[in-house]
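Visitor: fold the stuff below for me.
(2 chains)
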Amino acid sequence: MSADFTLLTTMMFRTCITILAVLVSFVTCSVNAEIIEEQSPVARQSLHNNPTWLHLGQYKTDLFQKSFQSNISNPDFFITSMGRTDPEAEFTETVRLLIAQAATSPKSDASILCRFPARALWLARELGRDFGNPYQECEGFKTWVGDSPIEEVSAIYASGYLSNPGSVYGHLMLRFHGSNPTDPQDLLETAINYGAQSSEEDPALLYVVRGLFGGYQSTYSSLEFFHHNNRFRDDQLRDIWEYRLNLSDWEVSFLQAHIWELMNAHNTYYFLRQNCAYYVADLLNLVLEPDLIDDMKPWVVPVDIFQRLASGQENQDPLVKSFVRLSSREARFREGYARLSPLEKSIADEVLKSRDGLALLNDASLSDGQRINILNVSLDYAAYALDDTEPDSKAHKNSMLLARISLPASGETKTENPPAPHEGQPATTLQLRAFDNTKLGAGVELRIRPAYYDFLSNTAATPPFSELSMVDTKVVITDDDVFLRQMEVLKISALNVSATTLPEDKKHAWQIRLGAEQRDLSCSNCLVAYAEGGIGKAAMMGDQTAIYGFATGRVTTLDTNGSSFKAGLSGGIITAGDNWAASLSGKSLQQIDGPQHLENSFTAELRLGQGTDWDVRLKSEYNKAHENSVALSYYW
Amino acid sequence: MIRLISTIVASAAVIVAGTASAQNSPMRDAPNPWLDCGIGAMIFPDDNLELGAGISNIIWDLGTTAVTSAASSPDTCSGLSNVRSAMFIQKSYAQLETEIARGEGENLTALSSLAGCSAETQPAFVQSVRQSAAQRMASPEFETMSYNQKSEALYYASEEAAAVCQA
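Guide: Residues are numbered from 1 along each chain as shown, chains lettered A, B, ... in the order given. Next comes the predicted model:
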């Protein structure tokens, strides 16, 4: 819809500038003639329609493949006034100016070579001409590139952040790598980010609405990687996954030059599709052949891009050379704590509970290695759990620092990577369920969940014991009826379980759900809109099992019982084995208005299979009717 | 009048204290990032890192409130090599503090790179930074120092330690 609106606007714009276009064409035709004379008929016909040229201008065709429009929304990005919709005019003028300015020395940053170094590099190759070297002649570009050449590029995945609506599905960005021999993880290298502008000024609801419906402009940005590293891993406690790409020297230079061009480009931001994942993937597709964006889906989520990257090949070489996790501060603490011996763990518990616990480290029977293990874990805990602004916590942390710095230098033990994002199931679910219902009889339920996962899903790099789904839609077909059972617009559950009993390592579990659904399993015509929220606690029982409980409130449109407000308790248990996962949950809600009925519901579900493309689920539910079912799920 | 005199006296005290601090620190390029470029008052765009911010790797808000010396300007500050170190320390002090205590870490390695250390000289740099940090952490004043004061102290310690890499 947005594309149609934009197209209409552009057509109006085109009409207004027709006269100017004719004038520009007239001015440029003499140079066109010079270039065209030198080219073969095939080249003459095709260069401005070449996919690379269209990619450089972010040109997309309309539904009928008849006209172009760039995703870049600011007209001043283009050289020509009709450049946003006319790749041929932009091509011709670019070549004309490159030739006209080729002999100019020194080049100003406003020259075409310096504004559009990627266009210049590509056209030089295609036309066999020398338009100059932006890496030597353009001051602004040289300053941005820096002194050391970029040798590699990584695609960066920051895992989902459930506390920010814009980051729940994770984040995608790029990172440059130079040839620093002393530091392969050089935090000072440049990272390329993409995001909506000025969105931080809006409250959450307006942010979501504007994000969904194109209310923000968005752009690329360039910043040293340590800013993102600190924020993602230490402040937001998100793991980062770094996928090093298999790019040639030319592809790295070409990509880098194009990113420089795009620093002056703006797009209209759409949270569901034209988001960070879309535009970073689009950037990579300048040099990577396999399409990283699935045109069959009207939404784009980062994990889908990484699945395509990891499975893609170009010239029989994999697109990804290697991948590695950069663990969050919380993950470092949890994994370090799990590695401690029982003795070290018992001392660490005391060290972390109070400053006085540090005295236990003076025990002569402890080795320096044991003290180091305990204090390294303690410092990770202090960094993520202790409040530095609170005097006691600050003093507690300072004591840990002093104790640790008095011991020899030693880093943390490297751990094995858990499954990477691309090794889990894809984001979208298509499910066919056959059921037998004590009130409705037998039937089938067709379900589509655009994104992303539930408690039993086999995803990777997602927060443990959490759920995140969007527009989860279920349609039921019985012998004599077809009806919508549920359209859950959003569901987020975060149990925030902890394997420790430490005082500051206790977060609340919470859940929100909103959408429309049948009031209960006995109903086919009692659809209600609802918003439901729960807050409570969760705890681990062993390595693979979590138990949780919520105080739950629910608001609905007036249902057939005459009730809109309910409150009560809900809870459950989730567990998993090698090839299966299971959950058992229950909810008991008292009507606050209306006839004060108590409504109870229960669900037991078992997932069989460990594949990432499919699984089988068995389910038994009660909510005013019993329903047993078996479902086949396909993930894509 | 009393308020005016108090203000003048307080301002003079701040200037004297700042000068004394600068004089106690090792030799540096001029201007000093902390004293002249307002590093402590620097506003990073990190709250909105997922937002587009254009080319921001060499730009930060050194608006008029942040530049404290009439001789300095955002242009002169952004051209200094040691400003990059100062910015990095100011932004990453919390991570650096932990890594210095451990004696290892990616932020500490980045700091040694900024100080011009090679793989061979990096251990000596780390040892020097650790020694000075151990002295600071052991002093009673450490618990009352602010984040900015700790960052500034680490900046001077890092500059001093950089000498072992340039020897």
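Visitor: tell me if I'm right that residue A:94 and residue A:116 touch.
Guide: Yes. Using CB atoms under 8 Å, residue A:94 is in contact with residue A:116, at 6.6 Å. C-beta: built from backbone N, CA, C; applies to glycine.
Visitor: okay, and the common contacts of the two?
Guide: Counting by CB atoms under 8 Å, 6 or more residues apart in numbering or on different chains, the contacts common to residue A:94 and residue A:116 are residue A:79.
Visitor: just for chain B, where's the confidence low?
Guide: Within chain B, the stretches with pLDDT under 70 are B:1-31, B:38-81, B:167.
Visitor: next one: the stretch 451-600 of chain A
Guide: Ranges of the stretch 451-600 of chain A meeting pLDDT under 70: A:560-562.
Visitor: ok, which stretches of it are strands?
Guide: Ranges of strands in the stretch 451-600 of chain A, per DSSP state E, counting those that start in this stretch, are A:451-453, A:466-478, A:481-494, A:509-518, A:527-540, A:545-556, A:565-576, A:580-591, A:598-608.
Visitor: equivalent analysis for the stretch 251-400 of chain A, please.
Guide: For the stretch 251-400 of chain A, the strands defined by DSSP E, counting those that start in this stretch occupy A:267-269, A:313-314, A:317-318, A:320-326.
Visitor: list the strands paired with the third one, with their directions.
Guide: It stands for strand A:317-318. strand A:313-314 (antiparallel) (DSSP bridges).
Visitor: mean confidence for the strand it pairs with?
Guide: In this model, strand A:313-314 has a mean pLDDT of 86.
Visitor: and the contacts of that strand?
Guide: A:246, A:288, A:289, A:290, A:319.
Visitor: how far does stretch A:401-417 sit from the chain's center?
Guide: 32 Å (CA atoms, centre = their mean, to the nearest Å).
Visitor: give me the buried positions along that stretch.
Guide: Using 16 or more other CB atoms under 10 Å in any protein chain shown as the test for burial, stretch A:401-417 gives A:401, A:402, A:403, A:404, A:405, A:407, A:409, A:410, A:412.
Visitor: state the distance from the fifth one to chain B.
Guide: Shown here: residue A:405 relative to chain B, a distance of 4 Å by CB to the nearest CB, to the nearest Å.
Visitor: can you get me a residue count around the residue in chain B that chain A sits nearest to?
Guide: For chain B and chain A, the shortest gap (CB to the nearest CB) falls at residue B:103, measuring 2.1 Å. By other CB atoms under 10 Å in any protein chain shown, the residues close to residue B:103 number 20.
Visitor: next, give phi and psi for the residue lying closest to it once chain neighbours are set aside.
Guide: Of all residues beyond its chain neighbours, the one nearest residue B:103 is residue A:409 (2.1 Å), with distances taken as CB to CB, 6 or more residues apart in numbering or on different chains. Main-chain torsions, residue A:409, degrees, to the nearest 10: phi -70, psi 140.
Visitor: and the pLDDT for residue A:409?
Guide: So residue A:409 comes in at 91 (pLDDT).
Visitor: for the residue nearest to residue A:151 when sequence neighbours are not counted, what are its contacts?
Guide: Closest residue to residue A:151 apart from its sequence neighbours, by CB to CB, 6+ apart: residue A:179 at 5.2 Å. The neighbours of residue A:179, taking CB under 8 Å, 6+ apart as the test, are A:148, A:149, A:151.
Visitor: list buried residues within those.
Guide: Buried residues within those, counting neighbours by 16+ other CB under 10 Å: none.
Visitor: save these as TSV, and put in pLDDT and secondary structure too.
Guide: Formatted as TSV, the contacts of residue A:179 follow (pLDDT from 0 to 100; DSSP: H, G, I helix; E, B strand; the rest coil):
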residue	pLDDT	secondary structure
A:148	77	coil
A:149	83	coil
A:151	91	coil
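Visitor: closest to chain B out of the residues you listed?
Guide: residue A:148 (10.8 Å).
Visitor: help me confirm that that closest one comes into contact with residue A:177.
Guide: No. The pair residue A:148 / residue A:177 is not scored as a contact, 10.1 Å apart, by CB under 8 Å.
Visitor: that older thread, which of the strands of the stretch 251-400 of chain A is buried the deepest?
Guide: strand A:267-269 (a mean of 25; mean count of other CB atoms under 10 Å in any protein chain shown).
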